[in-house]
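Student: next comes the sequence, and after it the predicted model I'd like to discuss.
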There are 2 protein chains.
Amino acid sequence: MASENSSQRIASVERAADVLLLFAQSGEPNLGVTEITKALGLSKAVVHRILASLRSRGFIDLIGESRRYALGTSSLSLGLTCLAHLDIHALAHPELKNLSRLTNETATLSIRSGFERFYIDQITPNREIVMSVAMGVTHPLHAGSSSKAFLAWLSEAEIAAYLKRKLKPVTSGTIVDPVKLMREIGAIRAKGFAQSVGERQSGSASVAAPIFDRIGTPIAVISICGPSERFRSELKDCVPALLESANRLSRRMGYFPKKKI
Amino acid sequence: MASENSSQRIASVERAADVLLLFAQSGEPNLGVTEITKALGLSKAVVHRILASLRSRGFIDLIGESRRYALGTSSLSLGLTCLAHLDIHALAHPELKNLSRLTNETATLSIRSGFERFYIDQITPNREIVMSVAMGVTHPLHAGSSSKAFLAWLSEAEIAAYLKRKLKPVTSGTIVDPVKLMREIGAIRAKGFAQSVGERQSGSASVAAPIFDRIGTPIAVISICGPSERFRSELKDCVPALLESANRLSRRMGYFPKKKI
DNA sequence: CAATGATGTTCCACCTACTGGAACTTTCTC
DNA sequence: GAGAAAGTTCCAGTAGGTGGAACATCATTG
């Protein structure tokens, strides 16, 4: 089998990829050579050369005349064309609009990346106080309803592997006890959706449901979320619409539940 | 000065960047080793190692069990966080919504990348036949209204450099004669907006206006576009709303025209 | 406005680790 | 099921990447 073969890869390319990922995940819109050096444990010369190389292709920009670097237009172009190839994004967008309109709260779409997930779309309602999520930034699979919706439908082996890791709390409300989380996973599977109050983001609440592809793998999760102050009591009322949207999308992805049991 | 210094860069990193750009710009959602080999003039072994390296960081995925590669979740995450750091994107979004609602046509936002540009946002109206653009895919600066709006406000030197290049037609309507294009640029500057009927995409028409930052550099372009059949005659009617939006955005970016002359 | 420290950039000799041709394997085609 | 095409792995040679240190530039402060 192919896969994690030893060193049939290129170290400098992987280091460059790590630099890009650092820009994507650090939260900082721009970084200096030394910061990158410290974060990745590379020498200044190496970081400098990597940045110069990425810059020559537009993935990285020099900010004005300063010595700070930021993601460039090629990075953006890459992500947007990638998004355009994701069927689920186009399909789910109108559903998100619909959910946001019906509930008067924010509707989101997430996808998974290993043991993490990130938002790829959101629709916010027209009102004063709304919840808005950061797109592209990864979150662990045990904090928040969208995360738990992914986690709950992983294979037994994957869930076991995930629970074996040290679960870091994201907020004071994050579930970090594996036993508790396993019980939660059971409940989520039984109900068909996940909910959270302040597990990933203090002061916000949400409900989430998975979208399955033709072979029953969850490829995305949609959620409805809002400020917990007002939304925690309205969570339940949103569930029917949420599940309807999720099921509609699953069917359009070719999934027919119970077809073969 | 820093800049295009000789070889203070890493060849393998630049090759890997080229591979990613190929995925972004080829239009193909997935590619094989040989295709990449031919497109970039690299050996199969090199391409294979680059793909393996990018794959280890999630920038590239193996499609199912096939031997085809596609952009991975890290590429998407990268682009989305990049988008989140772009102030103009958040600011322009409501303006696009507004323009689309007012005109009942598609409203778009583009940014420039060297001598190219690409769409980073669009709002389509709710009607049967709408125009929809591909986000992230680059277009040359001489075809279409958004492109010409960028071109017209480049510096004299940059315009001269651009016109010196061989201008390839994108459709049968593309302006490729430098003299004609220069005249067009003058007209665009005078009017404050650009228009096009089928120059970039046959069967579509559009008007576009630039957004300036505090020092008067065009950082983005907004456009309204639709099927030329019905929209070519309505172009003019959209211009006031378009310019109003563009001016409002320029002001919010800190641009105050005529402040210092 | 020097002096000082921090950060960014360049240099260069060393030697790792990347390259490319070829062999091998797998998949597709007919 | 043979042949062709595409993908993957191997290996020896050396291109080219590395990192320590020198140099340059910027920021800060008295």
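Tutor: Looks like it came in fine. Please read all numbers here as calculations on a predicted model, not as lab measurements.

Student: ok so A:Ile185 is a strand residue?
Tutor: No: in this structure, A:Ile185 is helix, not part of a strand, as judged by DSSP: H, G, I helix; E, B strand; the rest coil.

Student: nearest residue to it in space, please, no chain neighbours.
Tutor: Closest residue to A:Ile185 apart from its sequence neighbours, by Cβ to Cβ, 6 or more residues apart in numbering or on different chains: A:Ala152 at 4.6 Å. Using the backbone N, CA and C atoms, a C-beta is placed for each residue, glycine as well.

Student: residue contacts, the one you found?
Tutor: Neighbour list for A:Ala152: A:Ile159, A:Ile185, A:Ile188, A:Arg189, A:Ala194, A:Pro210 [criterion: Cβ atoms under 8 Å, 6 or more residues apart in numbering or on different chains].

Student: can you report how many residues lie near A:Ile185?
Tutor: Neighbour count for A:Ile185, taken as other Cβ atoms under 10 Å in any protein chain shown: 20.

Student: from the contacts of A:Ala152, which single one is nearest A:Val239?
Tutor: A:Ala194 (10.6 Å; Cβ to Cβ).

Student: that closest one and A:Glu105, how far apart?
Tutor: 16 Å (Cβ to Cβ, to the nearest Å).

Student: one more: A:Asp213?
Tutor: Taking Cβ to Cβ as the measure, A:Asp213 falls 27 Å from A:Glu105.

Student: tell me the SS of the residue of chain A found nearest chain B?
Tutor: Residue nearest to chain B within chain A: A:Gly79 (1.0 Å; Cβ to the nearest Cβ). Assigned with three-state DSSP, A:Gly79 falls in the helix class.

Student: who's in contact with it?
Tutor: With Cβ under 8 Å, 6+ apart, A:Gly79 has these contacts: A:Gly136, B:Ser75, B:Leu76, B:Ser77, B:Leu78, B:Gly79, B:Leu80, B:Cys82, B:Leu83, B:Gly136.

Student: quick one, what contacts the nearest residue to A:His142 once chain neighbours are set aside?
Tutor: Spatial nearest neighbour of A:His142, excluding adjacent residues (Cβ to Cβ, 6+ apart): A:Leu167 at 5.3 Å. By Cβ under 8 Å, 6+ apart, A:Leu167 lies in contact with A:Pro140, A:His142, A:Thr174, A:Ile175, A:Val176, A:Asp177, A:Pro178, A:Leu181.

Student: okay, A:Asp213 and A:Glu105: which has more neighbours?
Tutor: A:Glu105 (27 against 15).

Student: excluding sequence neighbours, find me the nearest residue to the more buried one.
Tutor: Distance criterion Cβ to Cβ, 6+ apart; nearest residue to A:Glu105, sequence neighbours excluded, is A:Gly226 at 3.9 Å.

Student: one step back: leaving out chain neighbours, which residue sits closest to the residue of chain A closest to chain B?
Tutor: Here the residue nearest A:Gly79, using Cβ to Cβ, 6+ apart, is B:Gly79, at 1.0 Å.

Student: repeat for A:Leu31
Tutor: In space, A:Leu31 is closest to A:Tyr69, 5.8 Å off (Cβ to Cβ, 6+ apart).

Student: and what of A:Ser196?
Tutor: A:Ser145 (4.1 Å).

Student: check A:Pro29 too.
Tutor: Closest to A:Pro29 by Cβ to Cβ, 6+ apart is B:His85, at 4.3 Å.

Student: still on that earlier bit, list just the nearest of the contacts of A:Leu167 to B:Arg251.
Tutor: Of all the contacts of A:Leu167, A:Pro140 has the smallest distance to B:Arg251: 41.3 Å, by Cβ to Cβ.

Student: how many residues are close by A:Met253?
Tutor: Residues contacting A:Met253 under the criterion other Cβ under 10 Å number 19.

Student: that one contacts A:Gly216, correct?
Tutor: No: A:Met253 is beyond contact range of A:Gly216, at 10.2 Å (criterion: Cβ atoms under 8 Å).

Student: residues contacting A:Leu54?
Tutor: By Cβ under 8 Å, 6+ apart, A:Leu54 lies in contact with A:Ala16, A:Val19, A:Leu20, A:Ile60, A:Gly72, B:Val13, B:Ala17.

Student: of those residues, buried ones?
Tutor: The neighbour-count test (16 or more other Cβ atoms under 10 Å in any protein chain shown) marks A:Ala16, A:Val19, A:Leu20, A:Ile60, A:Gly72, B:Val13, B:Ala17 as buried among these.

Student: and the residue nearest to A:Glu105, how far is that from A:Leu99?
Tutor: Distance from A:Gly226 to A:Leu99, by Cβ to Cβ: 12 Å.

Student: state the phi and psi torsions of the most far-flung residue of chain A relative to its centre.
Tutor: Relative to the centre of chain A, the most outlying C-alpha is that of A:Glu65, 33.9 Å out, by Cα atoms, centre = their mean. Per-residue torsions, A:Glu65: phi -100, psi 10 (degrees, to the nearest 10).

Student: show me which residues of the stretch 1-150 of chain A sit near DNA strand D.
Tutor: A:2, A:5, A:8, A:11-12, A:15, A:42-46, A:49, A:65-67 (Cβ under 7 Å from any atom of the strand).

Student: and the helix or strand hosting A:Val47, does that touch DNA strand C?
Tutor: Element membership of A:Val47, judged by DSSP states H and E, is helix A:44-56. Yes: judged by Cβ under 7 Å from any atom of the strand, helix A:44-56 and DNA strand C are in contact via A:Lys44, A:Ala45, A:His48, A:Arg49, A:Leu51, A:Ala52.

Student: do stretch A:15-34 as well
Tutor: Yes: using Cβ under 7 Å from any atom of the strand, stretch A:15-34 reaches DNA strand C at A:Gly32, A:Val33, A:Thr34.

Student: stretch A:24-31: which residues count as buried?
Tutor: Of the residues in stretch A:24-31, A:Ala24, A:Gln25, A:Pro29, A:Asn30, A:Leu31 count as buried by neighbour count, 16+ other Cβ under 10 Å.
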